[in-house]
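Q: Starting from these lines, generate the structure:
(2 chains)
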Amino acid sequence: QKEVEQNSGPLSVPEGAIASLNCTYSDRGSQSFFWYRQYSGKSPELIMFIYSNGDKEDGRFTAQLNKASQYVSLLIRDSQPSDSATYLCAVGGLSGSARQLTFGSGTQLTVLP
Amino acid sequence: EAGVAQSPRYKIIEKRQSVAFWCNPISGHATLYWYQQILGQGPKLLIQFQNNGVVDDSQLPKDRFSAERLKGVDSTLKIQPAKLEDSAVYLCASSFSGSGELFFGEGSRLTVL
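A: Residues are numbered from 1 along each chain as shown, chains lettered A, B, ... in the order given. Below you'll find the predicted structure:
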């Protein structure tokens, strides 16, 4: 049984701060990693994906992957109230493949004005 | 570009009744997924189609759930008979090439009384 663990939160950060969201996974064969954002009552939307160890930056978002530690994180710089949402970590098999994609339960982030 | 369309948005039924959900993916997306998201949890894959063939239905409760994707475009997910624990949001998603970069519809919220 593949597991993806996230702290459920809620995580609260002040506006302008860095929000750090963490995810661990159990399957060492995992090769693709995704972060989805889900606003309350809405469906998930993809914000980042990463396939290789290291950092990947996209605007205010940075995804970090450490396969040896089975750990993936998402940093949100200059957090805004509009970033308040649940962030879902998803871990998959073959690079880029949605087969065997397993979602965590999500971390609820609140950015305080 | 039109997104993933789903209907109905909301459905309330009594246990043991049946219900059907419809999904039309983004044009050109060969891969279609049905996910179940219970409140407070991450999405769980029920079934994945590639064109009109089933790629993965290992987590679909086949005694009560069925899904089809005729002509490789739109899809229907049926539950018969429904149980209380089927209360959830049923999310349809599509992707261009079966990657983990999923585009979700707005979801169909099912309440079983």
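Q: from chain B, which residue is nearest to chain A?
A: Among all residues of chain B, B:Gly42 sits closest to chain A, at 3.2 Å; criterion: CB to the nearest CB. No exception for glycine: its C-beta is placed from N, CA and C like everyone else's.
Q: With adjacent residues omitted, what lies nearest to that residue?
A: Using CB to CB, 6 or more residues apart in numbering or on different chains and skipping residues adjacent in sequence, the residue nearest B:Gly42 is A:Phe103, 3.2 Å away.
Q: these two touch, right, the one you found and A:Thr86?
A: No. In this structure, A:Phe103 sits apart from A:Thr86 without contact. The criterion is CB atoms under 8 Å, and the distance is 10.9 Å.
Q: Who does A:Tyr25 form a beta bridge with?
A: A:Val4 (DSSP bridges).
Q: tell me how far the one helix or strand in chain A whose mean pLDDT sits lowest is from the chain's mean position?
A: Confidence across the helices and strands of chain A bottoms out at strand A:102-103, with a mean of 92, counting by mean pLDDT, DSSP states H and E. Chain-centre distance of strand A:102-103: 11 Å, with CA atoms, centre = their mean, to the nearest Å.
Q: So which residues on chain B come close to chain A?
A: Selection of chain B residues close to chain A by CB under 8 Å from any CB of the partner chain yields B:31, B:33, B:40-45, B:48, B:55-56, B:91, B:95, B:97-107.
Q: Give me the buried entries from the residues you listed.
A: In the residues of chain B next to chain A, burial by neighbour count holds for B:31, B:33, B:42-43, B:45, B:48, B:56, B:91, B:95, B:98-100, B:102-107, counting by 16 or more other CB atoms under 10 Å in any protein chain shown.
Q: Return the subset of the residues you listed lying in helices.
A: The subset of those located in helices under the criterion DSSP state H is empty.
Q: Can you report how many residues lie near B:Lys83?
A: Other residues lying near B:Lys83 total 12 when counted by other CB atoms under 10 Å in any protein chain shown.
Q: wouldn't it be in contact with B:Arg64 here?
A: Yes. Distance between B:Lys83 and B:Arg64: 7.2 Å, which falls inside the contact criterion (CB under 8 Å).
Q: What is the burial count for B:Phe21?
A: Counted with other CB under 10 Å, the burial measure for B:Phe21 works out to 22 neighbours.
Q: hang on, the earlier thing: residues in contact with the residue nearest to B:Gly42?
A: With CB atoms under 8 Å, 6 or more residues apart in numbering or on different chains as the criterion, the residues that contact A:Phe103 are A:Val4, A:Tyr36, A:Leu88, A:Cys89, A:Ala90, B:Gly42, B:Pro43, B:Lys44.
Q: Given the helix or strand containing the second one, what are its sheet partners and their directions?
A: Assigned by DSSP states H and E, A:Tyr36 belongs to strand A:32-38. Using DSSP bridges, strand A:32-38 pairs in its sheet with strand A:45-50 (antiparallel), strand A:85-92 (antiparallel).
Q: so what's the one residue sitting closest to the centre of chain B up against?
A: With the centre of chain B defined as its mean C-alpha position, the nearest residue by CA atoms, centre = their mean is B:Trp34, 3.0 Å away. In this structure, B:Trp34 makes contact with B:Cys23, B:Leu45, B:Leu46, B:Ile47, B:Ala67, B:Ser75, B:Leu77, B:Tyr90, B:Leu91, B:Cys92, judged by CB under 8 Å, 6+ apart.
Q: residues near the fifth one, how many?
A: Right, B:Ala67. Counted with other CB under 10 Å, residues neighbouring B:Ala67 total 22.
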